[in-house]
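A.B. asks: model this:
(one chain, ligands or ions: 1)
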Amino acid sequence: MRERKVQFEMWDSDDPVPRVELLKRVKGCEGILCVLTEKIDAQLLNAAGPNLKVVSTMSVGFDHLSLDELKKRGIRVGYTPDVLTDCVAELTVALLLATSRRLIEATHEAKTGGWGTWRTLWLCGHELANSTVGILGLGRIGVAIAERLKPFKVKKFIYTDVALRPELANMIEAEYVSLDELAKQSDFLAICCALTPETYGICNWNLFSKMKKNAIFINTSRGGVVNQEDLYEALSTGLIAGAGLDVTTPEPLPTHHPLFTLKNCVILPHVASASYTTRNSMSALAANNLLAGLRGEPMPKELKL
Ligand SMILES: O=C(O)[C@H](O)CO
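C.D. replies: Here you go, the predicted structure:
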């Protein structure tokens, strides 16, 4: 293999690179490796200029990339699916259990003196055994979540998506239903779809009002799929039983946000893929995508534009 040297400049901080700084530093670059906090839009692509050949994002989600603008300029895009599937599924199950069994409330009560005598209905939650689990957007992550939930004796998996996903559905014996039926039948509803113009705000009053009173809503995809005002209304009026959110709009969610006042809403700071193993795999894959793109070779994981 012919050796080629790559010159790179790294933003050596866990905090995002300030936009003004990024716009300055991308000028003339052939490749950019970014994370989901960087908006790769027309402004940034113009600032980079015509040398830019490849953008590699260290994420499975790509809603921070203006795909039309990238396509128009013939810029190739790499992303990091698969390597985070197990980690995200694991966290989703943890969040689901923490929400449905009210673990955050329970530790708070234990610590702050709320733990009195044993009481019959105190801190009762909802169990997975004999339940129906709905998945909105059945991909690798949805399947991995269902595989982990099955041993909890879930009765039935149902899903909806823009199209039938027979191969994935067969792996978990999931039945395809309409969005309305998904809302009506699910005891637990896991949101696993990508954020696109079609899914923006799809979890709104219309959906929540059809859900069961005992339903638990879990979102580890993107905050933008949820109408948060409607979710607040649904949770605070007891329309649904609880919500676990790893993603919100905006991020970070301001500490004074009404959702933080609700006991039946568990909010995590976008940590679904945060394990050492997974973040290492994601960064290696993102780097390999970038290098392959620069060499003009097939990327290990390229997004088809
Ligand atoms: O899109 C992603 O990769 C996750 O949201 C963060 O790991």
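
A.B. asks: okay, CA-based contacts and neighbour counts for the rest of this
C.D. replies: Will do.

A.B. asks: what's the spacing between the nearest residue to residue 286 once chain neighbours are set aside and the ligand?
C.D. replies: With Cα to Cα, 6 or more residues apart in numbering as the criterion, residue 286 has its nearest non-adjacent residue at 5.2 Å, and that residue is residue 58. According to Cα to the nearest ligand atom, to the nearest Å, residue 58 and the ligand sit 6 Å apart.

A.B. asks: if I pick whichever residue of the chain sits closest to the ligand, what's in contact with it?
C.D. replies: For the chain, the residue closest to the ligand is residue 59, as judged by Cα to the nearest ligand atom, at 3.1 Å. If you count contacts by Cα atoms under 8 Å, 6 or more residues apart in numbering, residue 59 has them with 35-36, 79-81, 282.

A.B. asks: And residue 186, by the same measure?
C.D. replies: 131-134, 158, 211-212, 215.

A.B. asks: In three-state terms, label residue 171 for me.
C.D. replies: helix (DSSP: H, G, I helix; E, B strand; the rest coil).

A.B. asks: these two touch, right, it and residue 143?
C.D. replies: Yes. In this structure, residue 171 is within contact of residue 143 by Cα atoms under 8 Å, at 7.4 Å.

A.B. asks: for the ligand, what are the nearby residues on the protein?
C.D. replies: By Cα under 6 Å from any ligand atom, the part of the chain that sits against the ligand consists of 59-61, 273.

A.B. asks: just to revisit the earlier point, could the contacts of residue 59 be laid out in CSV, adding secondary structure?
C.D. replies: Converted to CSV, these look like this (three-state DSSP):
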residue, secondary structure
35, coil
36, coil
79, coil
80, coil
81, coil
282, helix
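
A.B. asks: Just send those residues back as TSV, with neighbour count and pLDDT too.
C.D. replies: What follows is the contacts of residue 59, written out as TSV (neighbours: other Cα atoms under 10 Å; pLDDT from 0 to 100):
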residue	neighbour count	pLDDT
35	20	97
36	16	97
79	27	98
80	25	98
81	18	98
282	23	98
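
A.B. asks: In a strand, the residue of the chain closest to the ligand, correct?
C.D. replies: No. Counting by three-state DSSP, one finds residue 59 to be coil, located in no strand.

A.B. asks: any chance you could map the helices in the stretch 201-305 of the chain?
C.D. replies: 205-208, 228-236, 276-295 (DSSP state H, counting those that start in this stretch).

A.B. asks: Between residue 171 and residue 143, which has more neighbouring residues?
C.D. replies: Each of residue 171 and residue 143 has its neighbours counted (other Cα atoms under 10 Å); residue 143 has more, 23 against 12.

A.B. asks: Could you grab the helix/strand/coil label for the more buried one?
C.D. replies: Taking three-state DSSP, the label given to residue 143 is helix.

A.B. asks: what's the distance between residue 220 and residue 191?
C.D. replies: Going from residue 220 to residue 191 by Cα to Cα, to the nearest Å gives 7 Å.

A.B. asks: Residue ranges in the protein under the pLDDT threshold?
C.D. replies: Low-confidence segments of the chain, defined by pLDDT under 70: 1-2.

A.B. asks: quick one: the residue nearest to residue 286 and residue 282 touch, right?
C.D. replies: Yes. The pair residue 58 / residue 282 is scored as a contact, 5.9 Å apart, by Cα under 8 Å.

A.B. asks: which non-adjacent residue is nearest residue 141?
C.D. replies: Counting by Cα to Cα, 6+ apart, residue 141 lies nearest to residue 85, which is 5.3 Å off, once chain neighbours are set aside.

A.B. asks: count of neighbours near that neighbour?
C.D. replies: Residue 85: 21 surrounding residues under other Cα under 10 Å.

A.B. asks: Quick check: closest non-adjacent residue to the residue nearest the centre of the chain.
C.D. replies: When Cα atoms, centre = their mean is applied to the chain, the residue found nearest the centroid is residue 221 (2.2 Å). Using Cα to Cα, 6+ apart and skipping the chain neighbours, the partner closest in space to residue 221 is residue 192 (5.2 Å).

A.B. asks: Contact partners for that neighbour?
C.D. replies: Residue 192 is in contact with 135-139, 141-142, 219-221, counting by Cα under 8 Å, 6+ apart.

A.B. asks: These: which two are farthest apart?
C.D. replies: For the contacts of residue 192, the farthest-apart pair by Cα to Cα is 139 and 219; their separation is 14.4 Å.

A.B. asks: For these two, indicate the residue with more neighbours.
C.D. replies: The neighbour count for residue 139 versus residue 219, taken as other Cα under 10 Å, is higher for residue 219 (25 against 17).
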